[in-house]
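K.L.:
All I have is the shape, not the residue letters:
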Ligand SMILES: Nc1ncnc2c1ncn2[C@@H]1O[C@H](COP(=O)(O)OP(=O)(O)OP(=O)(O)O)[C@@H](O)[C@H]1O
Ligand SMILES: [Mg+2]
């Protein structure tokens, strides 16, 4: 749920924003940090103020492991619910980390991506798990490692994730978030063909910076091979530790190398992620303020275009053809 003060924190928001909700008594004395709006109230306020809820696909990918893909995808999906989105999280990593982060461990007979991609219209709806956060999850398991054998045909690679995303959109969802494995396997190739936005998380080390370059090259090469419009590519610096010189140098490097792609602000390092992971929650559980919560709130608003728009602002571009 979103607190009144979080709603008023949105770029362009004024106190008038609350006046649009019929059952809110704006004259009453309320604690803005405690009083909350449910997702449908938030959605109607945001829709009335120009926020675009048309379906989109956001993927988190990097060829390097451990950069923050799963943390970012799960946190983005969970927080999007508070802003009134209806998210579906596709866990495509056979490690199943996104599923585990939400406390979901698929049983042997539960369907994962490899079981449903050929006939998503029939099999996706019953494969989705409704999580208490409001996120619907397509879980993952080691079975998904068979994808590299199944998706050998380039035509299938191009369409597999796209078809699943189209089915998701027909099933009342308006946001698909994809957690990719740290590789350039077929699941990632297929995701690149489907995503409107690809976020590449990176840390300060040379390997993950190199992986940003390689991931961008691969996105370009795959889109050229398949004749697809490039998705929007964004770079996200995670685990930024302000005490380290290297972190500041990396930020400087990224802002020069990727001026248009770099997301600001960076995600600071925090022990909150590990703590919440222990209890299979995200940093948005409860109301406790933290840098982790603040950073991901910024990220989610940026990625989802959550800001109060002036009347003639045009809606955010999404890549055509997927939905
Ligand atoms: N901003 C942060 N501050 C501190 N720890 C973090 C932060 N972001 C992520 N972590 C921790 O870093 C570890 C790796 O994060 P995560 O699993 O999200 O990376 P990943 O890119 O999905 O890894 P993989 O490539 O193995 O799938 C996790 O233990 C996570 O809790
Ligand atoms: Mg991961």
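P.N.:
Sure thing, it's come through. All values derive from a computational prediction rather than experimental measurement. Ligands and ions are numbered 1, 2, ... in the order given.

K.L.:
Flag every residue of the stretch 1-150 of the chain that's near ligand 1.
P.N.:
Residues of the stretch 1-150 of the chain found near ligand 1 (CB under 6 Å from any ligand atom) are 65, 66, 67, 68, 69, 70, 71, 93, 95, 97. (C-beta placed from N, C-alpha, C; glycine too.)

K.L.:
The nearest residue to the fifth one once chain neighbours are set aside: how many residues sit nearby?
P.N.:
With CB to CB, 6 or more residues apart in numbering as the measure, residue 60 is the residue that lies nearest to residue 69, at 4.2 Å, once sequence neighbours are left out. The local packing of residue 60 (other CB atoms under 10 Å) involves 27 other residues.

K.L.:
isn't residue 60 right next to residue 180, touching?
P.N.:
Yes. Judged on CB atoms under 8 Å, residue 60 makes contact with residue 180 at a distance of 6.3 Å.

K.L.:
Now the common contact residues for these two.
P.N.:
Contact criterion CB atoms under 8 Å, 6 or more residues apart in numbering; residues shared by residue 60 and residue 180: residue 69.

K.L.:
tell me the domain ranges of this protein?
P.N.:
The record's domain split for the chain, according to automatic domain parsing, is 1-51+306-323, 53-304.

K.L.:
I'd like the average pLDDT over the first one.
P.N.:
The one in question is domain 1-51+306-323. Domain 1-51+306-323 shows a mean pLDDT of 78 in the predicted model.

K.L.:
can you give me the strands in the chain?
P.N.:
2-3, 36-37, 56-60, 87-91, 129-130, 136-138, 175-179, 197-202, 232-237 (DSSP state E).

K.L.:
Please identify the pairing partners of the third one and their relative orientation?
P.N.:
With DSSP bridges as the test, strand 56-60 is paired with strand 175-179 (parallel), strand 197-202 (parallel).

K.L.:
Quick check: which of the ones you listed has the most neighbours on average?
P.N.:
Neighbour counts (mean count of other CB atoms under 10 Å) averaged over each of these peak at strand 175-179, with a mean of 29.

K.L.:
Serialize the strands paired with strand 56-60 to a markdown table and add fields for mean pLDDT and distance to residue 186.
P.N.:
Shown next, in a markdown table, are the strands paired with strand 56-60 (pLDDT from 0 to 100; distance: least, CB to CB, whole Å):
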| stretch | mean pLDDT | distance to residue 186 |
| --- | --- | --- |
| strand 175-179 | 98 | 14 |
| strand 197-202 | 98 | 16 |
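
K.L.:
which stretch among those strands comes nearest residue 213?
P.N.:
Among the strands paired with strand 56-60, the nearest to residue 213 by CB to CB is strand 197-202 (9.6 Å).

K.L.:
Point out where the stretch 201-323 of the chain drops to low pLDDT.
P.N.:
For the stretch 201-323 of the chain, the stretches with pLDDT under 70 are 310-323.
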